[in-house]
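# Show me the folded form of this:
(chains A and B)
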Amino acid sequence: MEVLKIATAGSVDDGKSTLIGRLLYDTKSLTDDKLEAIEKTSKLKGYDYLDFSLATDGLVAEREQGITIDVAHIYFSTVSKSYIIADTPGHVEYTRNMVTGASTSQAAIILIDARKGVIEQTNRHFFINNLLRVKDVVVAINKMDLVDFSEERYNQIKSDFEQLMEKRDYEDQKITFIPVSALKGDNVVNHSENTPWYNGQTLLEHLEELDLQDIYNIGTPRFPVQHVIRPKTDDFHDFRGFAGKVYGGELNVGDEVVILPSMTKSRIKGIYFHDKKYKTAPRRSSVTITLEDEVNISRGDMLVKAGDLPIIDKQFTATVSWMDSEKLTTGGKYIVQHGINKVLAKVDSIEHKILPDYSGIEEGVEALGMNDIAQVKFRLNKPIFYDVFKSHRTNGSFILIDTRTNHTAGVGFIR
Amino acid sequence: MSKKVNLETVLEEIQSTGTFENGDRPNANALEHEAIYIMREVAAQFERPVLLFSGGKDSITLVRLAQKAFWPAKIPFPLMHIDTGHNFPETIEFRDRLVKELGVELIVRNVQDSIDQGKVVEETGKYASRNILQTTTLLDAIEEFKFDACIGGARRDEEKARAKERIFSVRDDFGQWDEKNQRPELFDMLNGQIEMGQNVRVFPISNWTELDVWSYIQKEDIEIPSIYFAHKRNIFLRDGLIWSAEDDVVFRAEDEVVEERTVRFRTVGDMSCTAAVESYADTINKVVAEIRDSKISERGARIDDKRSEAAMEKRKQQGYF
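Residues are numbered from 1 along each chain as shown, chains lettered A, B, ... in the order given. Got it, this is the predicted structure:
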């Protein structure tokens, strides 16, 4: 079964939770006891409709404030796909949650309230999906019932959004507009009779047709070694396997590989998944690889195809999204976790802050606060093997760990 | 539980070149590859990991994934069972057999001991359960063995508070979960850096649904305890739920009438708070078909979550799994 992860973005009252609840309801994914709980609570609150947002807003604080404050994951499936929706809050101070949700998603839904149209928040939502290079973006123009399902209003919002699209630096990103009413169910799973002027797909139809192979970002194969497997049993006395996950492209038995950082060359002898041997290790598979030669390899080393080396360097510039209440400062020291590899890093300089609504940059910045995005130059205590984020989503990203609190304090996309 | 690995075939394949009777590439079950990646991160990032094993289908699935992650080496961490003393006998029997087959170490710590030591007080009455008491026993065991990572089979689809928990979920000295101060998890990167005294709960099957687990058990042909399949049992009804009348630990009032029905269990937690469902699914294929059509969510049959809407979140803050 294929698994599609989707991030959602919308402002506080755009009806995000309602849209997700509607998807669950119309795909018959809500169980009787959950539905019953929703009916009961909706009635208690005096609503004359079902409040689907109750299906997703999980934490006590959220129920009290009526908003979503952290990333929640919601699951449903159809005959052809399993869906995981990362419900990420859209409130302005929660940029970090949106970045987090988008980092593990292959598709995104941006909600717009049809009454309000494209607002500053919309710019931010689109900016983040752009920054994270989410390949498939659906712009769901919601609450169409409150603007009398007006085609004119829909076209107006669409053209406003298209102006925004001119500012992005990711041409391959696919953007689809759909007029919906999450509350009433129009064009979410079922086609609406209220929008005869709309001939496109419903939201679910669109998601169902997405080709996962196509929307995973393709790069060249990178194999960071997670763990060395040496069973030392009688049957496998000399077995030395390198366990890891394949990113970007696939590896095959017989491929000539280079091991970083030693630059030793060898050839792939075997590819194992559990106790079976295969010819190919596809993208995103967790396999164990054996090599023709006896090579000294440990965790954090990387196997790449010969002639296809990444950049090996002790410094780089990255777009950083800061997520911690402790500020990032020039001269500050952090742990850079690049994939599974950890090195010490020092902030060389903050080149400039990027305003996440496409309004430009801010220079002369000495520190970054929570939710800030900026161009930052780093120096490392030893080289890492990276690609730029544009060409390799996995090998071009890293997290920053605060050495005092051990918190994940930020994420970076190497330029 | 494990499908017997045919060593000869494997060795033959290792020595042969070019031919692959298993096809060109491994299956594309993204959830399985993700879980194996997480298992390997645990082994690499922590000094003393342990796999929490309850004998239920989720922890059995974890064991299978751990086997796959480290093959042909053994699972590089022990299993630990926090025994409420209210387990279905079938589960315990199954547990002991599995551990023997795997050749891994099993640690058992008993809730009864925590009660005897006066650390916790047994609940009484109609809804008495040892489910909450497990927390104390678990935290004591973590301290006793200095475990820095505990792998568990919780899934985000089980419950609303679980839906927010990270794959690497940091707990403080008191085992507490601070849901407002969780580390963001980006891309595949798992940050397992902790201070002395802290530990991490790891959930490799976070993103699996109940159906995903059952389909996996079916596909992998994994053995599970017999109470998951339909069988005849003496039961009684309370609050519209079916309770086992065959075990003393389940409280039954005198006016609650016993009758025989064909039932199975969807979860195998503490007997005193695990209700059965009426079912004729006596094979794995029938169970998968039943889950596919099922309209009651899995935890609908666990009374401990129904105490209040915020029940799970409260228990987690106190250190519950």
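# quick check: domain ranges of chain A?
A:2-215, A:222-305, A:311-414 (automatic domain parsing).
# mind putting those domains in CSV, mean pLDDT and mean neighbour count included?
Where C-beta positions appear, they are placed from N, C-alpha and C, glycine not excepted. Listed next are the domains of chain A as CSV, based on pLDDT from 0 to 100; neighbours: other C-beta atoms under 10 Å in any protein chain shown:
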stretch, mean pLDDT, mean neighbour count
domain A:2-215, 86, 19
domain A:222-305, 95, 19
domain A:311-414, 95, 19
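# nearest to B:Pro49, of the ones you listed?
domain A:222-305 (12.3 Å; C-beta to C-beta).
# just to revisit the earlier point, quick one: the domains of chain A as JSON lines, columns for distance to B:Lys57 too.
JSON lines is the format used below for the domains of chain A (distance: least, C-beta to C-beta, whole Å):
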{"stretch": "domain A:2-215", "distance to B:Lys57": "17"}
{"stretch": "domain A:222-305", "distance to B:Lys57": "19"}
{"stretch": "domain A:311-414", "distance to B:Lys57": "30"}
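# Ok, which of those domains comes nearest B:Ile167?
Using C-beta to C-beta, these put domain A:2-215 closest to B:Ile167, at 10.3 Å.
# List the buried residues in stretch B:79-95.
B:79-84, B:86-88, B:90-91, B:94-95 (16 or more other C-beta atoms under 10 Å in any protein chain shown).
# tell me the mean pLDDT over that stretch?
The average pLDDT within stretch B:79-95 is 90.
# Ends of it, what's the gap?
10 Å (C-alpha to C-alpha, to the nearest Å).
# of all the buried residues of stretch B:79-95, which comes closest to chain A?
If you rank the buried residues of stretch B:79-95 by distance to chain A using C-beta to the nearest C-beta, B:Leu79 comes first, at 19.0 Å.
# bridging residues for that closest one?
When assigned by DSSP bridges, B:Leu79 has beta-bridge partners B:Leu51, B:Leu106.
# okay, which residue is most central for chain A?
Geometric centre of chain A, nearest residue: A:Ser103, 2.2 Å, by C-alpha atoms, centre = their mean.
# can you tell me which residues contact the closest residue to that one other than its chain neighbours?
The shortest distance from A:Ser103 to any non-neighbouring residue, by C-beta to C-beta, 6 or more residues apart in numbering or on different chains, is to B:Leu186 (4.3 Å). B:Leu186 makes contact with A:Val99, A:Thr100, A:Ser103, A:Thr104, A:Ser397, A:Ile399, A:Thr408, A:Val411, according to C-beta atoms under 8 Å, 6 or more residues apart in numbering or on different chains.
# could you redo the last one with a cut-off of 7 Å?
When the contact criterion is C-beta atoms under 7 Å, 6 or more residues apart in numbering or on different chains, the partners of B:Leu186 are A:Thr100, A:Ser103, A:Ile399, A:Val411.
# Sitting in helices, which of those residues do you find?
The helices, defined by DSSP state H, take in A:Thr100, A:Ser103 from the contacts of B:Leu186.
# Bridge partners for A:Lys245, pull those for me.
In beta-bridge terms (that is, DSSP bridges), A:Lys245 pairs with A:Ser286.
# re the thing from before, which of the contacts of B:Leu186 sits closest to B:Asp270?
A:Thr100 (34.7 Å).
# surely that closest one meets B:Gln182?
No. Between A:Thr100 and B:Gln182 there is no contact under C-beta atoms under 7 Å: 10.0 Å.
# Spell out the residue ranges of the strands in the stretch 201-321 of chain B.
B:231-238, B:241-244, B:259-265, B:276-278 (DSSP state E, counting those that start in this stretch).
# closest one to chain A among the ones you listed?
Closest approach to chain A among the strands of the stretch 201-321 of chain B is made by strand B:241-244 (11.3 Å; C-beta to the nearest C-beta).
# Show me the contact partners of the closest one.
B:Arg233, B:Ile235, B:Phe236, B:Val250, B:Arg261, B:Val263, B:Met271, B:Ala275, B:Ala276, B:Val277, B:Glu278, B:Ala301.
# Likewise for stretch A:117-136?
Under C-beta under 7 Å, 6+ apart, the answer for stretch A:117-136 is A:7, A:9, A:11, A:90, A:92, A:95, A:98-99, A:102-103, A:105-108, A:110, A:112, A:137, A:156-157, A:160-161, A:164, A:168, A:170, A:172-174, A:210, A:215, A:217, A:319, A:356-358, A:393, A:413.
# Then stretch A:188-195?
With C-beta under 7 Å, 6+ apart, stretch A:188-195 has contacts from A:19, A:22-23, A:26-27, A:144, A:149, A:179-180, A:182, A:186-187, A:202-204.
# Out of these, which sit inside strands?
A:Pro179 (DSSP state E).
# Out of the contacts of stretch A:188-195, which sit inside helices?
Using DSSP H, the contacts of stretch A:188-195 in helices are A:Leu19, A:Arg22, A:Leu23, A:Asp26, A:Leu203, A:Leu204.
# from what I can see the residue nearest to the centre of chain A touches B:Glu185, true?
No. A:Ser103 lies out of contact with B:Glu185 (C-beta under 7 Å); the separation is 8.3 Å.
# Mind telling me which residue of the stretch 151-300 of chain B is nearest chain A?
Counting by C-beta to the nearest C-beta, the stretch 151-300 of chain B gets nearest to chain A through B:Lys160 (3.3 Å).
# Can you tell me the element that residue falls in?
Assignment of secondary structure by DSSP states H and E places B:Lys160 within no helix or strand.
# Let's verify the residue nearest to A:Ser103: helix, strand, or coil?
Three-state call for B:Leu186 (DSSP: H, G, I helix; E, B strand; the rest coil): coil.
# what does stretch A:313-328 contact?
A:95-96, A:99, A:131, A:347, A:351, A:354, A:367-380, A:382-383, A:386, A:402, A:407-415, B:184.
# Sorry, slip of the keys, the one I care about is stretch A:72-88.
A:1-9, A:16-17, A:20, A:23-24, A:27, A:29, A:56, A:58, A:68, A:71, A:97-98, A:101, A:104-105, A:208, B:156-157, B:163-164, B:207, B:209.
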